[in-house]
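> next one to model:
(one chain, ligands or ions: 1)
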Amino acid sequence: MRIRVRRLLGATAAAIGLLLLVLIVLAAASGVHVTRLRWDEPAELARRLAISPGMRVADIGAGSGWLAVGLARRVGPDGHVYATELAPAKLEAIRRSARAAGVANLTVLPARLEATGLPPSCCEVIYLRYVYHHLARPQALNASLYESLAPGGRLGIIDFEPRGLFRWMGSSPGRSGHGVPRETVREEVEAAGFRLVEAEPRWGRVGYLLVFTR
Ligand SMILES: C[S@@+](CC[C@H](N)C(=O)[O-])C[C@H]1O[C@@H](n2cnc3c(N)ncnc32)[C@H](O)[C@@H]1O
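All right, here's what the predicted structure looks like:
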């Protein structure tokens, strides 16, 4: 009986080990940065984009609004954050996040596929986190980003390469795989008039960060 229990425990441990190994191999094949599972992304983004109190910042495709809310706290009462989204339900979700966090310096704006919805030259910093590969009309949106960013401002694009498992998943029309190669982002964004000033190949679990200026 004891021997059977020991064998069972041994087999279970071996199965768990094998499963972990398969997960690590799959993660590595998909470009997951396993050393970056825990980190303070809002603080790191603020550092890379030189976001400081009093600044005007825009989060394009803000999703639930978690990062926009974090940065609204960081820019403080003299600064302002705009958060844009496409669908009314997401716009409402961001408003709820802002209310729950008690931040009053965040404006939620509806975007269109081809336009940010932001006022011209509204912001010293604009960023898109895992949004660029979803853009249905990148050329038009990049032109609109150019109009929205103040001269000398910074545009941060966080996205990921469509490699490993992502290669087999869909993204937006005209793109293959899920994600977007950083060279493609660079070409498209520079074609709109921006200039690349920093390229960080490792961002979070799977991403990269490109920083442009105008
Ligand atoms: C993967 S989610 C990322 C959400 C958020 N940025 C985050 O990191 O948690 C992509 C978001 O981009 C939004 N999106 C796609 N195209 C957009 C556009 N042209 N303007 C604004 N938002 C857009 C989608 O509605 C979706 O919420």
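> could you use CA atoms for every contact and neighbour count after this?
OK.
> residue 86 and residue 114 touch, don't they?
No. Taking C-alpha atoms under 8 Å as the definition, residue 86 is not a contact partner of residue 114, at 10.7 Å.
> could you report the distance from the closest residue to residue 41 other than its chain neighbours to the ligand?
Leaving aside its sequence neighbours, residue 41 sits nearest to residue 204 (C-alpha to C-alpha, 6 or more residues apart in numbering; 7.5 Å). Computed as C-alpha to the nearest ligand atom, to the nearest Å, the residue 204 to the ligand distance reads 11 Å.
> can I get the CA coordinates of the helix or strand encompassing residue 139 in CSV?
Assigned by DSSP states H and E, residue 139 belongs to helix 138-148. The C-alpha coordinates for helix 138-148 follow below in CSV (Å, rounded to 0.1, in the frame of the first residue of the first chain):
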residue,chain,number,x,y,z
PRO,A,138,-3.0,52.8,-38.8
GLN,A,139,-2.0,55.3,-41.4
ALA,A,140,-4.9,57.6,-40.6
LEU,A,141,-4.6,57.1,-36.9
ASN,A,142,-0.9,57.9,-37.0
ALA,A,143,-1.6,61.2,-38.7
SER,A,144,-4.2,62.0,-36.0
LEU,A,145,-1.6,61.1,-33.3
TYR,A,146,0.7,63.6,-34.9
GLU,A,147,-1.9,66.3,-34.7
SER,A,148,-2.7,65.4,-31.0
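> report how many residues lie close to the residue nearest to residue 41.
Applying other C-alpha atoms under 10 Å, we find 20 other residues in the vicinity of residue 204.
> distance of it relative to residue 58?
Separation of residue 204 from residue 58 (C-alpha to C-alpha, to the nearest Å) stands at 20 Å.
> for the residue in the chain that the ligand sits nearest to, which non-adjacent residue is spatially closest?
With distances taken as C-alpha to the nearest ligand atom, the chain approaches the ligand most closely at residue 61, which sits 3.2 Å away. Computed as C-alpha to C-alpha, 6+ apart, the closest residue to residue 61 that is not its neighbour in sequence is residue 85, at 4.6 Å.
> who is the most centrally placed residue in the chain paired with across the strands?
Centroid check for the chain by C-alpha atoms, centre = their mean gives residue 129 as the closest residue, at 1.7 Å. Under the criterion DSSP bridges, residue 129 forms beta bridges with residue 158.
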